[in-house]
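1. Give me a model of this one.
(4 chains)
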2 protein chains.
Amino acid sequence: MEQVKSKTGYHHGDLRHQLVTATRQLVEEKGPDLFSVSEAARAAGVSTAAPYRHFGDRTELLIAVAHEGFGEMTAAFSSAVAAHQPGTSEALVAVGTAYVEFAEANPGLFKLMFAGEHKTEALEEAGHQCYGVVLGQIAQHLGKTEVDDEVMRIGFPLWTFVHGLSFLRIDGKADFAKMHAPVHEIVAFATRQLLVKPEG
Amino acid sequence: MEQVKSKTGYHHGDLRHQLVTATRQLVEEKGPDLFSVSEAARAAGVSTAAPYRHFGDRTELLIAVAHEGFGEMTAAFSSAVAAHQPGTSEALVAVGTAYVEFAEANPGLFKLMFAGEHKTEALEEAGHQCYGVVLGQIAQHLGKTEVDDEVMRIGFPLWTFVHGLSFLRIDGKADFAKMHAPVHEIVAFATRQLLVKPEG
DNA sequence: CCTATGGTGTTAGAAGTTCTTACTTAGTTA
DNA sequence: TAACTAAGTAAGAACTTCTAACACCATAGG
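-> Residues are numbered from 1 along each chain as shown, chains lettered A, B, ... in the order given. Below is the predicted model of the structure:
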């Protein structure tokens, strides 16, 4: 955990990465909108101008954090899937549960990722890749090898549901609504109800 | 539309209200986090310190806007319900559709309302009142006169769905997922699938 | 009538923010 | 080893939130 800085005494050596992790922590602690570049710089032990060597912009830094988030989410989905037979409804439920659990474990990051204010080609690509894991499972579930329009049409309501559940739980509305069932159960219910198979 | 200010030439006369509407417009234009009190003051034609006579805080002003939002949403729900036989599934679908349509018509406001960062007893109350309209319909649908735990349990998945759909549509993910069906249809589908009646 | 009081505006300014510019330092490369 | 470049720094412009001290004016009481 020691700073690579010590190597030279002047150049930090790992500032970009360290800024991203500092930012992520701040976003989690105080919310995406209360985050400040200055504070991230302070946390990394550099001047307030230093971050602008690595990120053109405040939002560019936030985008880097969101990008990291999508990477982790994709990984979480993949390992959720790996624990089940591919294409089974158990696998689908596992991905949905992972979605909500990721959001609950990283509420600030999750909100940042879907804030929509800050966008980039690369960020969108990371998001699509993430959603691709879900769609892949649905395709397999339908006995298909490709993600076509029908797969999308069937996957979208499931996404909608876990996305909404994530927000409601993050914001404590699930408590208010007295929904204390475990996430897995709720997602399993929704998946069962929403997933209409074309035929037998 | 003329300024009440002209009455005295010094006191504004309606500043509080005018700040709220200016803020609302700014929130809609640039998003909740890029809004600035200064700009709202400028829009209302007063000094940047004036708003602090009416709102202790930047977030207090945002809360006032969110509060207004919940009022309008409640009204929208009520009139959506009024167009149908109470307790019918058409009435339920109408409320759900109104939810998503409100979000799409006022994306910035909607995000602000559910941002969760800024809270108040009164704001929560306004939110609960709003949700109360939905729950009331569900209670009637189940042939009940009171909103009990079962009503909540059944209503929650519907809320979850329209909440998620609102966010996905606001952020343009529905386009990406090629879900171009009209909101009403999607909500009707979800309601049909998610609303499991206890028995015949 | 006319004066005290409080509500609501003003200006000035402290502290903190984003981001730029010009300078400095330290590794790399000719 | 000299020049180039990458990556820091310090200083500062333009903005923000919010406070403090002052100014105006509506009205309630004497």
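
2. for chain A, which helix is longest?
-> helix A:58-82 (DSSP state H).

3. neighbours around the spatially closest residue to residue A:188 that is not a sequence neighbour, how many?
-> With CB to CB, 6 or more residues apart in numbering or on different chains as the measure, residue A:93 is the residue that lies nearest to residue A:188, at 4.8 Å, once sequence neighbours are left out. Using the backbone N, CA and C atoms, a C-beta is placed for each residue, glycine as well. Neighbourhood size, residue A:93 [other CB atoms under 10 Å in any protein chain shown]: 22.

4. so what secondary structure elements neighbour the one helix or strand residue A:93 maps to?
-> Secondary-structure assignment from DSSP states H and E places residue A:93 in helix A:89-105. Helix A:89-105 is packed against helix A:58-82, helix A:121-141, helix A:149-170, helix A:183-194, with contacts defined by 3 or more CB pairs under 8 Å, 6 or more residues apart in numbering or on different chains; DSSP states H and E.

5. Tell me the spacing between residue A:104 and residue A:34.
-> The gap separating residue A:104 from residue A:34 is 20 Å, by CB to CB, to the nearest Å.

6. Now for residue A:187: which residues touch it?
-> Residue A:187 makes contact with A:93, A:96-97, A:100, A:161-162, A:165, according to CB atoms under 8 Å, 6 or more residues apart in numbering or on different chains.

7. Of those, which is the most crowded?
-> That'd be residue A:165 among the contacts of residue A:187, by other CB under 10 Å, with 30 neighbours.

8. so that one makes contact with residue B:167?
-> No - counting by CB atoms under 8 Å, residue A:165 sits too far from residue B:167 to count as a contact (11.3 Å).

9. how about the residues of chain A that lie near chain B?
-> Chain A has residues A:31-34, A:114, A:116-117, A:128, A:131, A:149, A:152-153, A:155-157, A:159-168, A:170-174, A:176-179, A:186, A:189-190, A:193-194, A:196 near chain B, with proximity defined as CB under 8 Å from any CB of the partner chain.

10. Separate out the buried members of these.
-> Those of the residues of chain A next to chain B that meet the buried threshold are A:31-33, A:114, A:117, A:131, A:152, A:155-157, A:159-168, A:170-171, A:173-174, A:177, A:179, A:186, A:189-190, A:193-194, by 16 or more other CB atoms under 10 Å in any protein chain shown.

11. So, low pLDDT: which residues of chain A?
-> For chain A, the stretches with pLDDT under 70 are A:1-12, A:197-200.

12. Closest residue of it to chain B?
-> Taking CB to the nearest CB, chain B has its nearest neighbour within chain A at residue A:164, 2.6 Å off.

13. Once you drop chain neighbours, what's closest to that residue?
-> Using CB to CB, 6+ apart, the closest residue to residue A:164 is residue B:164 (2.6 Å).

14. can you pull the contacts of that neighbour?
-> By CB under 8 Å, 6+ apart, the neighbours of residue B:164 are A:159-167.

15. Out of those residues, which is nearest to residue A:83?
-> Nearest to residue A:83 among the contacts of residue B:164, counting by CB to CB, is residue A:162 at 17.5 Å.

16. sorry, back to before: which parts of the helix or strand just after the helix holding residue A:93 count as buried, going by neighbours?
-> Moving toward the C-terminus from helix A:89-105, the next helix or strand (DSSP H and E) is helix A:107-113. If you call a residue buried by 16+ other CB under 10 Å, then helix A:107-113 has these buried ones: A:107-113.
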